[in-house]
Structures are given as structure tokens and as C-alpha cells.
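>>> could you look at this predicted model? Sequence included:
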2 protein chains.
Amino acid sequence: MSDVARAAGVSAATVSRALRGEPGVSEATRRYVTEVAKRMRYAIARDASSLAGGRRYAIAVLAGDVRRGDLLAGAEGALRQAGYDVLLYVLGEPPARARFFEELPLARRVDGVLALSVDLTPAEGAALRGLDVPVVEVGDDDLREALRLAVGHLVELGHRDVALVVTGDESHDEELAAGGLRVRPEWTLWSSPTVAGGEQVVDVLLDAERLPTAVISSSGEVALGVFLRLRRDGRAVPGDVSIVSLDGAELTRAVGITAVEGAWRERGEHAVDVLLSRLRGEDAAGGPPPVRLVVRDSSGRRV
Amino acid sequence: MSDVARAAGVSAATVSRALRGEPGVSEATRRYVTEVAKRMRYAIARDASSLAGGRRYAIAVLAGDVRRGDLLAGAEGALRQAGYDVLLYVLGEPPARARFFEELPLARRVDGVLALSVDLTPAEGAALRGLDVPVVEVGDDDLREALRLAVGHLVELGHRDVALVVTGDESHDEELAAGGLRVRPEWTLWSSPTVAGGEQVVDVLLDAERLPTAVISSSGEVALGVFLRLRRDGRAVPGDVSIVSLDGAELTRAVGITAVEGAWRERGEHAVDVLLSRLRGEDAAGGPPPVRLVVRDSSGRRV
DNA sequence: CTGTTAGCGCGTTCAA
DNA sequence: TTGAACGCGCTAACAG
């Protein structure tokens, strides 16, 4: 940095201010210094800067579900553009995850935390907040909103007997009832988030006395399993049964299943906006981009 | 650190040495210091450490294809365990990518670079190597090896007329011929790496005078497109045409397409091993975990 | 608006 | 085996 300062005929402090966009430098000086720095291929040394300044120019990104590549990419791009480094932490298996929250290797290392589809427990959230930096969480599921869209779509098509397959453990009877559907306990099913899980769900449905005219699945894999198993059983989709997925854009798009899709890349960017606002002490404006229903071939009018 | 030193009744230098596992400290002292540090919840400040010591304890991970979540997760886990921070860079669209290589924001920030399925151009590779830290690349495709497996499988099933659909631009006539297949220019097709691309490929194949008895696709999406389009056209899979994909574990597994699968998580870990070896100045032993063929319902004996 | 001074928290000599 | 002193490259507070 002192080399640049000498070359530009100013002091190191001025170079520092100019390069960081700090006020207190004339526009002319800033432009000149910036140009000299670029010519000399100089960039501020991050760790010296952090050490002296206190700010770290780094955000910890906790990723729960690594398959949400778009969410991660969106967040990374936005952070990079804002001049922040991205420290990635993949919170995978429970033991590794537990160790992470125990050691909290983020202390004094980042200016903020972004939790992407990690579904923090209250204890984990508290631990993060103990870090004393802004924490922003992006839930894996806007399940309620997605469910509303799916229910609306199916009701519009004349369906009333709809089974709901979830992979989590919350109740969603309200959304179903509010949309005008019949709520039956035997039509609320749990499944592992896999294609095989979806296939098993169909077996259960077929065993019951009545088949629903539509199935909503919270997972794309499960929706695909339901789709394949119904077909194999000679049922027409959507002739006999309609299918709507609440997630799994790639899979459902490939196979042609009607699905609710979140704009994950945009959600990542939005989360960064919120985080950066907090860092500036402001309040973020606006909510995340809404989920949207993409109608494909797996849903049709009730026959 | 000085607090810990005082509490332990030693100097800061000793604490530093003890905590980093440097030689020159008695085992007893080290144990005691380590314990005091843990009790005080003290951890070495990374940026001060880098500033003073030169090592950065951070690895830049460049991710080209964010859908390769397992590769990324494997690398992240291995790096974390080795005590390195992971600085994530998603190399997405061409303009952003070009800017990255132009500015190379890694200078003096990382101890090494891991390029995961980014498919570096020679110029990009040279730029990275100019950083003067070890660079390890994990190719997106072990296409040749995968192709050999796929060809062997099909030949064993009696196929000789096999179309190859690629999304890249290399030639693979050798592998086809070496396996004993007939090589026909009109059966080597290019496709965009999408389901729609695969569907279009089938249209082209159907236009020709002869249909191959099997199709190999370098992409899972394309394989799915081929599968769906063939079915829609009334062709049986694998009755009329067998399909083997060289990638796309998730998709192909879901739909039941025979595919070559790489153990991506393990490959990520292996790449880290190689990188860490280089950092120690050693030579890494062993190659990456091999790809394997998973036979499913889309490939069968030639009829 | 700009320069000067004094650390930030550690690792690394060098002596003891 | 341990401790003291110095400096890594930068930013913050102050003075001009």
C-alpha cells in the first residue's frame, strides 16, 4: 500500500480511504489513486484491513441443503458484488452440525451470518445470535404460501378430495380447509423425501376405500414417485389423479409435473439485501420474491 | 491471547506455539495451555494470525456448476476438518466469470485453490497458477472413463449401433471404436444440456433412415429427454432403444435410467487430499474414486 | 481534504 | 523449553 501511496504521491491513509470509498477524499484524488492502484495490480490485504479496522468483509453462509444450488449462487453473487467474502459452511450430518454450533468457528471472523435452508432449531438460532452479528435465515419452505397456491389451483379445477403428502411434521389442515377442501386424516400422509417414498404413498392410497382425485406433494422427488407409481398401476395422470408438487423445480419440469416454484436465486439475493441493510443499521424494505405456480401436464379438471 | 497467557502463567508466544501444535513446547505446557484456552473459549484470531504468519488458513473453492452439491459438500467437509476456511466463488455467467479472472480477488487471500467442475480454459488456468499457490482442478466429467463403461455395457448386451449425444465439443470416436461399436457421423449428436435438447435429438434420430438400438447421453437431462420423447413416440425403452446416461445421478435414479455415476462427495474429499499434500510439499498418492455403472431399467439386450 | 501517529493481535526471530 | 521485542499491512484518531 505504501508503494501505491508513493507512486501516487499521497499518504497511505489517503490510499486506504480512496480505495474503500470512505468519505474525506476529493473525487479527483480518489480517481487518481484508484487508477494507480489498478495499474500496479494492488488490492487491499483483507486480513490486515480487518485487524486494523474491525470489519471483516466476510459473511458466513451456512448451507443446509446443498442441492439448493440456486439459492447459494444467488447469495454468493450478491455478496461478492457488495465486496464481501463468502465463508461457506455446509451443515450436513447431525454430528458435524452439532460440533459446528458447539465450537461456533465464526467468532470474530465474519460480519454477518446467512443461513440458507438450514432450518435452525431455537437453540441453534440463539447460539448464532450470541455471535453479536446480524443473522438472516432463508427457510427451505414457504410451504404455507405454496400450499395455498396449489390448493387454489386444484379447487379451481373442481377438486375437493385431495391428499397431501409432506416430508416435514407440521400440520396444514387449515390451509386445506381454508381453500375449500375436505380434510381427511387418512389423506394427510408423511413420506421420506424420495422417489421411493412417493411410490409407497401411492400404495397406501390405493389400499384405502377411496382414491383422492388429486395429490399435493411437498417434495419434487415424492411427486415423481407418486406419478410413476400411479402410471405403473394403470391410473391416468391427470385423468384419474392430478398431481401438484410444492417443490423440486428441476425434476418436475423435466417430467412435466405441475409445481409451485420459488425463485431461489432471487431469494438468495434478497436475503443478502436484508443482511446488508442490517449491517448498515437500516431496516430492509420488501419481502422475498413470491413463489409461483407453474401449470404443467400433471394437473387437470376433475373428471 | 495475552489473557490466556496470563491465566496460564506463560507468555503469549508459548500460547501461540501450544495452540498451533508447533514444536518447542513441552507436552505438559501444551496440554495445560490448551485446556485454559478452551475454558476461556479463546480461539486464535485468524486475520491477525495470517498477517503475522503469512499462512492464511483459507482455500478458495471455485464452483462452476452449483448443481454438483455433493462435490462441494465433500470438499467443504474435508477442508473444514483440516482447519481451513472455505472461500466460495461461484463462477456463473460468462461476464462475471471473466471479471473474476481479470481481478483475481484471491491474491494474498488463500493458501490454495480448488476448482470444482469449472472446466478452466488454458488462460484461466494460467491466471490461477500465477497466484503462486497450489491449484487443484476436479473436472466435471470423467467422460472417457464413463464412456468406456457405458460402451462395454451396451456391447455386452449385443448392441453395435449406438448413438452418442454429447453436450461438449470433444470427439469420442476412439472410445466407441475401441469398444467395438460402429462409428457413424450421423449418430454423434450435439445437444444442449436440457431435457428439451434430448427430445430434439430424438427427432433427428427418427428422421434418419435407421434408428440406433441404443443411445448414450453425456447428460442426465438429455437422457431423460430422449427417454420421454421415445416413449411418446411409441418406442419401447429398452425394447426398441436402450438408453445409458453418463451423468445425472439424481434424475436417472428417479426415472430408472441406467447411468454411470461418479462418487462426487468422495471426489471432493480426494481433491482436498491432493491439495493439502501439495501444501505440505508432498506428492499425493492415489487417483480419484472411479466412476461406476448403475444398471437400471433403460438398458437391455439388443432385440 | 490530507498527512502523521499509534496500535489492531498475532508469529517469528533471538537470547536466555 | 521459554520469553521479549519487533513487525506483518492496514485503519482510526488526531493534527494540520
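Nice, I can see it.

>>> ok, now which ones touch A:Trp190?
Contact partners of A:Trp190, counting by Cβ atoms under 8 Å, 6 or more residues apart in numbering or on different chains, are A:Val165, A:Val166, A:Thr167, A:Asp169. For the C-beta atoms, the positions are set from N, CA and C on the backbone; glycine is no exception.

>>> tell me the backbone dihedrals of the second one, please.
If I follow you right, that is A:Val166. The phi/psi pair for A:Val166 (degrees, to the nearest 10) reads phi -120, psi 160.

>>> check contacts around it.
Shown in contact with A:Val166 (Cβ under 8 Å, 6+ apart): A:Leu143, A:His172, A:Thr188, A:Leu189, A:Trp190, A:Ser191, A:Ser218.

>>> what number of residues lie near the fourth one?
Same thing as A:Leu189. 20 (other Cβ atoms under 10 Å in any protein chain shown).

>>> can you tell me the SS state at the nearest residue in space to it that is not next to it in sequence?
Sequence neighbours aside, A:Val165 is the residue nearest to A:Leu189 in space, at 4.8 Å (criterion: Cβ to Cβ, 6 or more residues apart in numbering or on different chains). The three-state assignment at A:Val165 reads strand, by DSSP: H, G, I helix; E, B strand; the rest coil.

>>> and what of A:Leu114?
Classification of A:Leu114 by three-state DSSP places it in strand.

>>> what do you get for the one 4 residues further on?
Reduced to three states with three-state DSSP, the structure at A:Val118 is coil.

>>> show the contacting residues for it.
Residues near A:Val118 by Cβ under 8 Å, 6+ apart: A:Leu62, A:Ala63, A:Gly64, A:Asp65, A:Leu91, A:Glu124, A:Glu137, A:Asp140.

>>> switch the cut-off to 6 Å
Taking Cβ atoms under 6 Å, 6 or more residues apart in numbering or on different chains as the criterion, A:Val118 is in contact with A:Leu62, A:Gly64, A:Leu91.

>>> just give the nearest non-adjacent residue to it, would you?
Leaving aside its sequence neighbours, A:Val118 sits nearest to A:Gly64 (Cβ to Cβ, 6+ apart; 3.5 Å).

>>> thought that neighbour was touching A:Leu91?
Yes: counting by Cβ atoms under 6 Å, A:Gly64 does reach A:Leu91; the two are 5.3 Å apart.

>>> between the two, which has more neighbouring residues?
The residue with more neighbours, out of A:Gly64 and A:Leu91, is A:Leu91; 24 against 20, by other Cβ under 10 Å.

>>> need the pLDDT of the residue nearest to the more buried one when sequence neighbours are not counted.
Distance criterion Cβ to Cβ, 6+ apart; nearest residue to A:Leu91, sequence neighbours excluded, is A:Arg97 at 4.7 Å. As predicted, A:Arg97 sits at a pLDDT of 93.

>>> how close does A:Arg97 sit to B:Glu175?
42 Å (Cβ to Cβ, to the nearest Å).

>>> now do A:Val260
A:Val260 is 42 Å from B:Glu175, by Cβ to Cβ.

>>> what does A:Leu154 give?
A:Leu154 sits 49 Å away from B:Glu175, going by Cβ to Cβ.

>>> what about the two, which has more around it?
Per other Cβ under 10 Å, whichever of A:Leu154 and B:Glu175 has more neighbours is A:Leu154, with 26 against 20.

>>> which bits of chain A sit near chain B?
Proximity of chain A to chain B (Cβ under 6 Å from any Cβ of the partner chain) is limited to residues A:45-48, A:50-51, A:66-67, A:69, A:73, A:76, A:85-88, A:90, A:108-109, A:195, A:224, A:254.

>>> drop anything exposed from these.
With neighbours counted by 16 or more other Cβ atoms under 10 Å in any protein chain shown, those contain buried members at A:45-47, A:50-51, A:66-67, A:69, A:73, A:76, A:85-88, A:90, A:108-109, A:195, A:224, A:254.

>>> same for the helix ranked longest in chain A, what does it pack against?
Secondary structure of chain A per DSSP state H: the longest helix is helix A:264-279. Contact here means 3 or more Cβ pairs under 6 Å, 6 or more residues apart in numbering or on different chains; DSSP states H and E; on that basis helix A:264-279 packs against helix A:69-81, strand A:112-116, strand A:135-138.

>>> following that helix, which helix or strand comes up?
Sequence-wise, the next helix or strand downstream of helix A:264-279 (DSSP states H and E) is strand A:292-294.

>>> just how off-centre is that following strand within its chain?
17 Å (Cα atoms, centre = their mean, to the nearest Å).

>>> tell me which residues of that strand come out buried.
A:Leu293.

>>> pLDDT of it, averaged?
For strand A:292-294, mean pLDDT is 95.

>>> what sits up against stretch A:279-290?
Residues outside stretch A:279-290 that contact it (Cβ under 6 Å, 6+ apart): A:Gly112, A:Pro134, A:Ala263, A:Glu266, A:Arg267, A:His270, A:Val274, A:Ser277.
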